[in-house]
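**Student:** predicted structure and sequence below. I'll ask about it afterward.
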Amino acid sequence: MIKKEMVVIGGGPSGLSAAIEAAKRGVRVLLVDENLHAGGQLFKQIHKFFGSKDHQAGIRGFDIAIELLKKAREYNVEVWLNSPVVGLFKGKKIAIKKLMKNDTEKIVIIQAKKIVIATGTSENAVRFKGWTLPGVMGAGAAQTMINIHRVLPGKKILMIGSGNVGLIVSYQLLQAGADVIAVIEALQKIGGYGVHASKISRAGVPIYISHTILEAKGQEVVEEAIICEIDNRWRPIRGKEKTLKVDTIAIAAGLKPLIELAMICDCKCSFIPHLGGWIPIHNENMESTQPGIYLAGDITGTEEANTALEEGRLAGTAIAEALGYISTEKAKQIKNEIWIRLNELRLGPYGQERMTGKNNLLLSYNKINTL
Amino acid sequence: MKTNNLRIYNHPILNKLKIKGWVKIKVDGKIIKAKKGEMIIAALMANDIKINRFTIKKNKPRGLFCAIGQCTDCVMVVNGRPNVRTCITPVENGMVIEKQHGVGRVDRK
Amino acid sequence: MALEKKGYLTKKELIGSSGYPSEERFNRGPVAVIECSEAIPCNPCEAACKQKAIKIGKPIINIPVLDEDLCIGCGLCISRCPGLAIFVVNKTYSDKEGLISFPYEYWPLPVTDSIVKAVDRKGKVVCSGRVIKVFNNKKFDLTSIITIAVTKSKLDEVRGIKRIKTCT
């Protein structure tokens, strides 16, 4: 059995951040990721991030990914790619299906002192008649096809959902050369930032609020979509149906944390709809209800890359402190600064519900701890 | 040269698409060109092939859904092996890819 | 508000807002127009302006305020805004025409001196425009800035051009 000081599960922005922050202080870190490349969803983000200079504002997602990978190499973070974690056992033992040098696979068991679960989220599905037809896919899938694989999934797209993912991916589809025929939103107002909506409005993309999709039609692939206006009780209004000629229907209906690993090692969870569903509870150090197991990034609530980076730093700092690589005083100072930046990112009408959700998580942790 | 307009050669933000080479793969008997090292699904999509498999009971078509290896909607029979997730499997020269029917049980004839 | 129902701001909502210059300032020369109306944590525009004409301060969710007297209309802020919400308008270009500079992130870029279709905030073609300048510099981090000349009466509406080539 291999012994490692700190194992980070997931090489997206939060995982890389946690690894770098701890490795900077001298912690020996192993980062594992099931994919062929690290970086999580960052390489797909070809748009500029918001925030302040501290938050990497104005920088494109893929540039942040490149920078993180560079730093991880610089601080000697050990990285295993193509290595999914298949088990997480009592006593912080991790089972990893590792791709060996001779192209065979082997289950490797690692005994870790500290673990960070940074597995992110997965896309929600919206079910409607015909949703199984080829051509119906997640918005993230469309984004992967155009920005990573450089292939258009289709030429005429209907986007379901007007949150930031729906709006941004619509914009990126336009940049890739496709036509976004419409964006539909079930709620009575556009979910994402006004400036994102304005960008696609300027490109002539109509956004229909209070609309749902009734059906995707086609012989064997999507050929058209029937959308319909809904009333304030979510019922389609007869006579308000519209048929759109599309070959792709992208679903941007929210993301939910991938919490399987947190659950199988008994981390307590709380159901917080505004953060995406079942969320593993954590404290201000990003430690879960299982001592020594930390969480960071979207697994602790669907937010943004900025918050993922900061939460990763928090977890990394807390672990470096717990392992004795930095003093409590120094750690306190760093953590306070991170919390100030995190709170800043959760200000305003778009951050309010996330702020409340996050505060509830911290309260839940305290409640459980005092029991 | 036929210009495949589903491949995004030029992009305002991403670098111009660099093709390191082409390979030939066989999809349901037809030979198509694929970019060296790309995922099978990308080669299929670039050639407007959107159906990956048919379901076991009602023989309904299925295609790409998540693109990151989580949902298995894109599985096909690759070099005789069923249930291969085409969205995370790279192409290889001479690869034989077939639409999967059901769970891809090998016919014992 | 049109923004949350339709996805675009109307001229009525913009006039008098903190990022929108007065008509008097428009008639003095090129000036920035900041069409950003929501409290989002974001402030790269403030740091971008060398004249210190854009103020956000703390907390960073404050809506940017344009000091139209300090602003010289240089356009440095255009590419810095992640929301692509800043433009530079020049109503003093000539008797009949004015200039609008806007961020553009599509391929292909238009060619200088070509005629393009100028669109409003809804994407509707409102007039034609003549491309005066296409600025594509690595420093602007791949956000190109296009300046087009349009008939003066449309200057308050035009905020972009129709995409030149699509796959369909």
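**Tutor:** Ah, there it is. These numbers come from a predicted model, not from an experiment. Residues are numbered from 1 along each chain as shown, chains lettered A, B, ... in the order given.

**Student:** where along the chain do the helices fall?
**Tutor:** No chain in the question, so chain A it is. A:13-24, A:61-74, A:139-147, A:164-175, A:194-202, A:260-264, A:305-322, A:328-345, A:352-370 (DSSP state H).

**Student:** wrong one, I was asking about chain B
**Tutor:** Counting by DSSP H, the helices of chain B are B:40-46.

**Student:** ok, now chain C?
**Tutor:** Under DSSP H, chain C gives helices at C:2-5, C:11-14, C:23-26, C:44-48, C:76-80.

**Student:** what's the spacing between the fourth one and its chain's center?
**Tutor:** Taking the mean C-alpha point of helix C:44-48 and that of its whole chain, the gap between them comes to 15 Å (Cα atoms, centre = their mean, to the nearest Å).

**Student:** list the contacts of that helix.
**Tutor:** A:52-53, A:57-58, C:34, C:36, C:54-57, C:64, C:76-77, C:80-82, C:86 (Cβ atoms under 8 Å, 6 or more residues apart in numbering or on different chains). Every residue, glycine included, has its C-beta placed from N, CA and C.

**Student:** try it again at 6 Å.
**Tutor:** For helix C:44-48, the surrounding residues in contact (Cβ atoms under 6 Å, 6 or more residues apart in numbering or on different chains) are A:57-58, C:54, C:56, C:64, C:76-77, C:80-81.

**Student:** distance of the residue of the stretch 101-250 of chain A found nearest chain B relative to A:Gly161?
**Tutor:** Nearest to chain B in the stretch 101-250 of chain A, going by Cβ to the nearest Cβ, is A:Pro134, at a distance of 2.6 Å. Noted for A:Pro134: a distance of 20 Å to A:Gly161, by Cβ to Cβ, to the nearest Å.

**Student:** dump the residue contacts of the residue nearest the centre of chain C.
**Tutor:** Taking Cα atoms, centre = their mean as the criterion, C:Phe87 is the residue nearest the geometric centre of chain C, at 1.5 Å. Contacts for C:Phe87 (Cβ under 6 Å, 6+ apart) come out as C:33, C:102.

**Student:** just to revisit the earlier point, any idea which of the helices of chain C gets closest to A:Val116?
**Tutor:** helix C:44-48 (30.2 Å; Cβ to Cβ).

**Student:** identify each buried residue in the closest one, please.
**Tutor:** For helix C:44-48, the neighbour count (16 or more other Cβ atoms under 10 Å in any protein chain shown) marks C:44-48 as buried.

**Student:** name the nearest residue to the residue in chain B positioned nearest to chain C, sequence neighbours excluded.
**Tutor:** Residue of chain B nearest chain C, by Cβ to the nearest Cβ: B:Pro12 (4.3 Å). Excluding its sequence neighbours, the residue lying closest to B:Pro12 (Cβ to Cβ, 6 or more residues apart in numbering or on different chains) is C:Trp107, at 4.3 Å.

**Student:** dump the residue contacts of whichever residue of chain B sits closest to chain A.
**Tutor:** Residue of chain B nearest chain A, by Cβ to the nearest Cβ: B:Gly63 (2.6 Å). Residues counted as contacts of B:Gly63 (Cβ under 6 Å, 6+ apart) are A:134, B:50-52.

**Student:** ignoring the adjacent residues along the chain, who's closest to it?
**Tutor:** Excluding its sequence neighbours, the residue lying closest to B:Gly63 (Cβ to Cβ, 6+ apart) is A:Pro134, at 2.6 Å.

**Student:** gap between stretch A:328-338 and the chain center?
**Tutor:** Stretch A:328-338 sits 26 Å away from the centroid of its parent chain (Cα atoms, centre = their mean).

**Student:** my error: substitute stretch A:280-292 in the last question.
**Tutor:** Centre to centre, stretch against its chain (Cα atoms, centre = their mean), the figure for stretch A:280-292 is 19 Å.

**Student:** could I get the contacts of B:Gly63 in a markdown table, plus columns for pLDDT and neighbour count?
**Tutor:** Listed next are the contacts of B:Gly63 as a markdown table, based on pLDDT from 0 to 100; neighbours: other Cβ atoms under 10 Å in any protein chain shown:
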| residue | pLDDT | neighbour count |
| --- | --- | --- |
| A:Pro134 | 98 | 26 |
| B:Lys50 | 97 | 24 |
| B:Ile51 | 98 | 19 |
| B:Asn52 | 98 | 27 |
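
**Student:** let me know the closest of those residues to A:Ala18.
**Tutor:** B:Asn52 (36.2 Å).

**Student:** strands along chain B, start to end?
**Tutor:** For chain B, the strands defined by DSSP state E cover B:22-27, B:30-35, B:53-54, B:61-62, B:75-78, B:81-85, B:96-98, B:100-101.

**Student:** residues contacting A:Asp247?
**Tutor:** A:135, A:154, A:156, A:222.

**Student:** let's go with 7 Å and repeat that
**Tutor:** A:135, A:154-156, A:222-223 (Cβ atoms under 7 Å, 6 or more residues apart in numbering or on different chains).

**Student:** low pLDDT regions in chain B?
**Tutor:** For chain B, applying pLDDT under 70 flags the ranges B:1-4, B:106-109.

**Student:** so which bits of it are right by chain C?
**Tutor:** Proximity of chain B to chain C, by Cβ under 7 Å from any Cβ of the partner chain, involves residues B:5, B:10-13.

**Student:** is C:Leu76 in contact with C:Gln51, as I believe?
**Tutor:** No. Counting by Cβ atoms under 7 Å, C:Gln51 is not a contact partner of C:Leu76; they are 9.0 Å apart.

**Student:** so where's the longest strand in chain A?
**Tutor:** strand A:105-117.

**Student:** number of nearby residues for C:Arg25?
**Tutor:** 17 (other Cβ atoms under 10 Å in any protein chain shown).

**Student:** touching, it and C:Val33? I think so.
**Tutor:** No. Counting by Cβ under 7 Å, C:Arg25 does not reach C:Val33; the two are 10.2 Å apart.

**Student:** out of the helices of chain A, deepest packed?
**Tutor:** Each of the helices of chain A was scored by mean neighbour count; the highest is helix A:13-24, a mean of 30, by mean count of other Cβ atoms under 10 Å in any protein chain shown.

**Student:** what's near enough to touch C:Glu38?
**Tutor:** A:193-194.

**Student:** if you set the cut-off to 10 Å instead, what comes out?
**Tutor:** A:193-195, A:348-350, C:1, C:3-4, C:61, C:63, C:83, C:85 (Cβ atoms under 10 Å, 6 or more residues apart in numbering or on different chains).

**Student:** what is the burial count for the residue of chain C found nearest chain B?
**Tutor:** Here chain C gets closest to chain B at one residue, C:Trp107, 4.3 Å apart by Cβ to the nearest Cβ. By other Cβ under 10 Å, 20 other residues sit near C:Trp107.

**Student:** got phi/psi on it?
**Tutor:** phi -120, psi 140 (degrees, to the nearest 10).

**Student:** surely it and B:Leu17 touch.
**Tutor:** No. Contact criterion Cβ atoms under 10 Å: C:Trp107 and B:Leu17 do not qualify, at 11.6 Å.

**Student:** overlap of the contact sets of those two?
**Tutor:** B:8-11.

**Student:** quick one: which of those residues is the most crowded by neighbours?
**Tutor:** Neighbour max across the shared contacts of C:Trp107 and B:Leu17 (other Cβ under 10 Å) = B:Ile8, 23 neighbours.

**Student:** the closest residue to that one other than its chain neighbours: what's it in contact with?
**Tutor:** Computed as Cβ to Cβ, 6+ apart, the closest residue to B:Ile8 that is not its neighbour in sequence is A:Arg150, at 4.6 Å. Listed by Cβ under 10 Å, 6+ apart, the contact partners of A:Arg150 are A:176, B:6-9, B:11, B:14-15, B:17-19, B:35, B:38, B:42, B:46.
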